[in-house]
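Undergrad: pasting a predicted model and its sequence here:
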Amino acid sequence: MIRRRLFLAAAMVAAPAAARAQKPLQLPTKWYAVRVADDAFTVEMPGIPDHRVMSDVSARGTPFTLHSYSLESGGDSYVVQTAFYPFDVDTTQPRVVLQAALDARAQKLAGGKWASVGWAMIDEAEGVQSFGALPSGGQLRQLSFLKEHRFGSLAFMGANVTGPDPDRFFKSVKLK
């Protein structure tokens, strides 16, 4: 009788341990340094992104190439884009160019405007960081910069655009 009670007690203790052992192992996210086109800058992303090359044209019709790096991780989206604008694009006033990019993106936000916009220098490049709500209910955090003719943009979309992962993403950008 005592052996049977010990066996049942041991089985009751082992059952929760076995249930915990069946929980999938969650490994920490591995971050990678991504070197964008023409070695213009690097940024860290929590995985290896998909790289796409797209053709675009300036307002005056001069073709140029846009590189886009995107990644979905843990329900969040990370996007990095860069282009070397052709010389018919006037980049002597970087804020004008960046404001045009902000205005174009704002049209896709809930309410058609950014909740917050802050200008700052990023490694000797004019930059702007913005926050806004998406129509889907998520949030968008974006950092855009212009250094001479090099345009760069980082975007994070998710439920919470502040925190360790988005902050690491935005703080990791290093311009050449």
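TA: Nice, I can see it. Numbering: from 1, shown residues only.
Undergrad: might you report the residue contacts of the residue nearest the centre of the chain?
TA: Nearest residue to the geometric centre of the chain (CA atoms, centre = their mean): residue 78, 2.9 Å. Taking CB atoms under 8 Å, 6 or more residues apart in numbering as the criterion, residue 78 is in contact with 45-46, 49, 70-72, 154-156, 169. In short, each C-beta sits where N, CA and C put it, glycine included.
Undergrad: buried subset of these, written for ChimeraX?
TA: Buried residues among the contacts of residue 78 (16 or more other CB atoms under 10 Å), as a ChimeraX selection:
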select :45,46,49,71,154,155,156,169
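Undergrad: in the contacts of residue 78, find the pair that's most separated.
TA: In these, two members sit farther apart than any others by CB to CB. They are 72 and 154, at 15.3 Å.
Undergrad: where does this structure have low pLDDT?
TA: Applying pLDDT under 70 to the chain flags residues 1-28.
Undergrad: can you map out the strands along it?
TA: Under the criterion DSSP state E, strands of the chain are mapped to 32-35, 41-45, 50-57, 63-73, 76-84, 116-122, 125-133, 139-147, 150-158, 174-175.
Undergrad: in a markdown table, list these along with distance to residue 90.
TA: Rendered in a markdown table, the data for these read as follows (distance: least, CB to CB, whole Å):
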| stretch | distance to residue 90 |
| --- | --- |
| strand 32-35 | 28 |
| strand 41-45 | 22 |
| strand 50-57 | 15 |
| strand 63-73 | 14 |
| strand 76-84 | 15 |
| strand 116-122 | 19 |
| strand 125-133 | 14 |
| strand 139-147 | 11 |
| strand 150-158 | 13 |
| strand 174-175 | 21 |
